[in-house]
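# okay, here's the prediction I keep looking at, along with the sequence it came from:
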Amino acid sequence: MKDIVQNFPAILSSQKVAPFFMGILIFFPVIVQDPYVLNAVILCMMFAVLSSSWNFISGYSGIFTFGHQGFFGIGAYFSALLAMKAGISPWLGLLIGGIVPAVLGFFVGLPCLRLRAAPYIALTTLAFSEIARITCMNLVELTRGDLGLWGIPAFTDIALPGIGSLSFSGGSRISYYYLILAIFIITMVVFHLCLKSPIGLALRSIRDSQEAAESLGINITFYKLLAFMMSAFFAGVMGSFYAHYLLILTPTSVFNVGLMVEIVAITMVGGFGSFWGPVLGAFLLTLGLEYLRFLGEYRFITYGILLLIVILFMPEGLGKKLSRGKEKNKGKVNFVVS
Amino acid sequence: MLELNDLDIFYGDAQALWKVSLLVEEGEIVTLLGSNGSGKTTTLRAISGFLRPRNGSIYFKKERIDCIPPYEIVRRGAAQIPEGRRLFPTMTVFETLTIGAYIPRAWKMKAEAIQRVFSLFPILEERTNQLAGTLSGGEQQMLAIGRALMSHPKFLMLDEPSLGLAPIIVENIFNIIRDINQHGVSILLIEQNANMALQLAHRGYVLQTGRIGFTGPASELLENDQMKKAYLGL
Amino acid sequence: MNLKLFLDQILNGIVLGSMYALFASGLTLIWGTMKMLNFAHGEFYMLGGYALYFALTLLDVPPLVAVLFAIGVTFLVGLIIERLVIHPLLDKPGWEVSPLVATVGISIFLQNFALKAWGERYKNVPYFIDGILDIFGFRIAYQRLLILAVAAMAIGALWWFLKKTRFGMALRATAQDREAGMLIGINTHGIYMMTFGISSALAALAATMLAPIFLINPWMGLSSLLKAFIVAVLGGLGSVEGAILAGIVLGLAESFAVIIFSSEWKDVFSFVILILVLAIRPAGFFGKKEW
């Protein structure tokens, strides 16, 4: 069992499994059209993007934030309000929903630059997220507070060359599915390229030893802020998608600390600091808990216990062990899960 | 009193000590010499229970101690004054000595013990309410020794007590160490200052990159040119 | 603003602040000694509240006994959780982060456990002392005077414990240099367990005092936790004197902020203070340089 857990990220990152997995995702709606199931997979992909973007700054860059839900919520509200009050197309909203949090991410990152210990950074980012939440709650004329924002416009139909028109109205989830799939793929590609590039190298060296990185001439401030902005961007895009998918928003639902806990749980279970780990965790936990629907209200208790079990029994504790495990297991790429 | 038998100590996969054997008889002052990185502090850490040997054993007063926790080792009467003194910065001199008597059997007798420490180090009595972090180097070393004495140890380990101190203060401290020894405390002294250490000690060992290279009565080691060459590069 | 309102606000601020102080002291004690952030601290507060409620309603004992019961039960829960969940993590690699994550898990578990076990309806606990003291036309509820008295006693007891007792000194020593503490015979694992227990007990005490005013519910932990963080950071993580001073300062500041802004923005005010402190002077009032 230990070996399987240790090798999961390695299994996924092997050249064979990832394309296979993506292939399944792409052709899935051709086989299954049940809106309930599609909805579940859409949620999986949402959490995959959310967790991967959090993992980018916490697992890969070593900056343990605890306010990711803030960027998610800001993206959601900006996109929704712009659509409702200014008539801006949700498609543009997706982009704006990413950019605004990215800019805010810069400012959130500023006070965090001097801080090293995880709890200080976690508190600062949590404080920002809470400020966003309370602000949303209080600006009742704008957001209707906790009564909720209803009737958010859905994505408008678009015509894709060769495929025809994609409709987002009605009960069909298929268009949403492919939209989120596209975003998911873009996200993973962007992060993959980033991590392979000098940016990724710089971030990992900052994580492993800030002093060493500095002495090598790496501009710590630049890379840390970049990490903040990038992770915030994708969280915000998810928020925007969420708003135009659910068509309803409340501050409590999007700025929820519980959401942050889910992201942490998913990333830890899947593999903190590994590339496909958060994706694995997202699908595992989200689907798993969907099928355990009868546990219903016990969902969060389950998350709590899962988190505890993983933390307590992971072979060598968190973090770097898993990425090192990947290197150690490079030779064992053909490990079979029996 | 203290016996190390063929100790192998590892840090992860890196070996730091190879088959180190060492003996401190009751009433002796033994010095462990060696250049930086030779493994002296590692040896002390192993004796105090912070490192578990992969092979070999450590006996104290005929009982095996290499697998018991540090606090238990102190309770049995083996105290260490670590490298860099490791005082509690915001505790006063008096508080430091008081907490030095933490173990139950020492706690009851702490008032007398403090008086004895003050008679050994009168300057500490003058500074009794001063914060440990504000003392001079020499005073800090005295406080560190005093703190260790509060637990009534039968065996005392000192890790580089002369570090960063002026020669005259070092001489003073070494005299006090001799004094403590004469009151029945066996001593294991780690030092870079080989000359002074060998003048104080009865016997000595020399560590070279994790292995015991030389051993013998202190007077012999002082004369030993071969050792000086290998150890001091002369 | 007239004098009466002004004095009233000052009193309110000090009463609330003194409870913030106690509550945050527990959090800062754990940080100082064990170098970890207990994200479940709020849930001990909540447990204290529920324990008080059940002692008063089910066991039907007088308030003093109920308060002691609540403190005792929460103390034990704190000990158990430290031993079972935290202790194994502190010696493993990743110890800088894993206890924090574990307490997040515990927090979520306890919150939802309370929700499932005791329901979502807010629970009511009556004032321990009814009545109002009238001095020169200035009126103070006896309950609030009681809170002040308890706070003073608790802070005094905590000070005496840390400064004068063998265990308290050992705790301080461990906080300042863990290994040096081990070298004088301190069993750090025992210290850690007790620290967790004491911290939980402090949280429970604050809860018992505030329960008649704020009502008991499964989420009371989370909101108070953020407050505790702010106070602890403002005072300097690890410094109990700092937490006490900061608690009272924040209590007073909040009282006046409510007048100037309004109660909905009160929390934003506190969070902004937190961010400013962390940005400008992470060490707070009396903290050490180790962020």
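That came through fine.
# beyond the longest helix along chain A, next helix or strand please.
Taking residue count as the measure and DSSP state H as the definition, the longest helix of chain A comes out as helix A:220-246. Of the helices and strands lying after helix A:220-246 in sequence (DSSP states H and E), the nearest is strand A:248-249.
# sheet partners, orientation included, of that next one?
Strand A:248-249 sits in its sheet next to strand A:149-150 (antiparallel), going by DSSP bridges.
# contact partners of the helix or strand just after the partner strand?
Sequence-wise, the next helix or strand beyond strand A:149-150 is strand A:158-160, with elements assigned using DSSP H and E. Identification of contacts with strand A:158-160 by C-beta atoms under 8 Å, 6 or more residues apart in numbering or on different chains yields A:91, A:165-166. In this view, the C-beta of every residue, glycine as well, is placed from N, C-alpha and C.
# cool, and stretch A:232-241?
Contacts of stretch A:232-241 (C-beta under 8 Å, 6+ apart): A:46, A:49-50, A:52-54, A:68, A:71-80, A:90, A:93-102, A:104-105, A:108, A:179-180, A:183, A:187, A:254.
# quick one: which of those sit in helices?
Judged by DSSP H, the subset of the contacts of stretch A:232-241 located in helices is A:46, A:49-50, A:52-54, A:68, A:71-80, A:90, A:93-102, A:104-105, A:108, A:179-180, A:183, A:187, A:254.
# and these, which of them are buried?
Taking 16 or more other C-beta atoms under 10 Å in any protein chain shown as the criterion, what is buried in the ones in helices among the contacts of stretch A:232-241 is A:46, A:49-50, A:52-54, A:68, A:71-80, A:90, A:93-94, A:96-102, A:104-105, A:108, A:179-180, A:183, A:187, A:254.
# what's the closest of the contacts of strand A:158-160 to chain B?
Chain B has its nearest neighbour among the contacts of strand A:158-160 in A:W91, at 53.7 Å by C-beta to the nearest C-beta.
# average pLDDT across the longest helix seen in chain C?
Among the segments of chain C that qualify as a helix by DSSP H, the longest is helix C:3-34. Mean pLDDT, taken over the full extent of helix C:3-34, equals 89.
# who are the packing partners of that helix?
Contacting helix C:3-34 under the criterion 3 or more C-beta pairs under 8 Å, 6 or more residues apart in numbering or on different chains; DSSP states H and E are the following elements: helix C:41-57, strand C:138-141, helix C:142-164, helix C:166-176, helix C:188-214, helix C:220-235, helix C:240-260.
# list the buried residues for the last one?
By 16+ other C-beta under 10 Å, the buried positions in helix C:240-260 come out as C:240-258.
# now check the helix or strand that it is followed by, is it near chain A?
Past helix C:240-260, further along toward the C-terminus, the next helix or strand under DSSP H and E is helix C:266-280. Yes: Helix C:266-280 comes into contact with chain A when judged by C-beta under 8 Å from any C-beta of the partner chain, the residues involved being C:267-268, C:271-272, C:274-275, C:278-279.
# from these, which would you call buried?
Using 16+ other C-beta under 10 Å, the buried members of the residues of helix C:266-280 next to chain A are C:267-268, C:271, C:274-275, C:278.
# okay, those residues in JSON lines with pLDDT next?
Supplementary listing: those in JSON lines, determined by pLDDT from 0 to 100:
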{"residue": "C:D267", "pLDDT": "83"}
{"residue": "C:V268", "pLDDT": "87"}
{"residue": "C:F271", "pLDDT": "88"}
{"residue": "C:L274", "pLDDT": "86"}
{"residue": "C:I275", "pLDDT": "89"}
{"residue": "C:L278", "pLDDT": "85"}
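# could you pick out which of those residues are near chain B?
Restricting these to contacts with chain B (C-beta under 8 Å from any C-beta) yields no residues.
# mind putting those residues into JSON lines with distance to C:M153?
Conversion of those to JSON lines gives the following (distance: C-beta to C-beta, whole Å):
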{"residue": "C:D267", "distance to C:M153": "29"}
{"residue": "C:V268", "distance to C:M153": "34"}
{"residue": "C:F271", "distance to C:M153": "31"}
{"residue": "C:L274", "distance to C:M153": "29"}
{"residue": "C:I275", "distance to C:M153": "34"}
{"residue": "C:L278", "distance to C:M153": "32"}
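# low-confidence ranges in the stretch 151-300 of chain A?
Within the stretch 151-300 of chain A, the segments meeting pLDDT under 70 span A:162-164, A:170-171, A:292-296.
# compute the number of surrounding residues for whatever residue of it ends up closest to chain C.
Using C-beta to the nearest C-beta, the single residue of the stretch 151-300 of chain A nearest to chain C is A:F300, 4.5 Å away. Neighbourhood size, A:F300 [other C-beta atoms under 10 Å in any protein chain shown]: 21.
# so it is in which element?
In this structure, A:F300 sits in helix A:299-313 according to DSSP H and E.
# which residues touch the residue nearest to the spatial centre of chain A?
When chain A is reduced to its mean C-alpha position, the closest residue under C-alpha atoms, centre = their mean turns out to be A:L50, at 0.8 Å. With contact taken as C-beta under 8 Å, 6+ apart, A:L50 is in contact with A:68, A:72, A:234-235, A:238, A:263, A:282.
# now render these as a markdown table, adding distance to B:E126.
A markdown table is the format used below for these (distance: C-beta to C-beta, whole Å):
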| residue | distance to B:E126 |
| --- | --- |
| A:H68 | 57 |
| A:F72 | 62 |
| A:F234 | 64 |
| A:A235 | 61 |
| A:M238 | 67 |
| A:I263 | 59 |
| A:A282 | 66 |
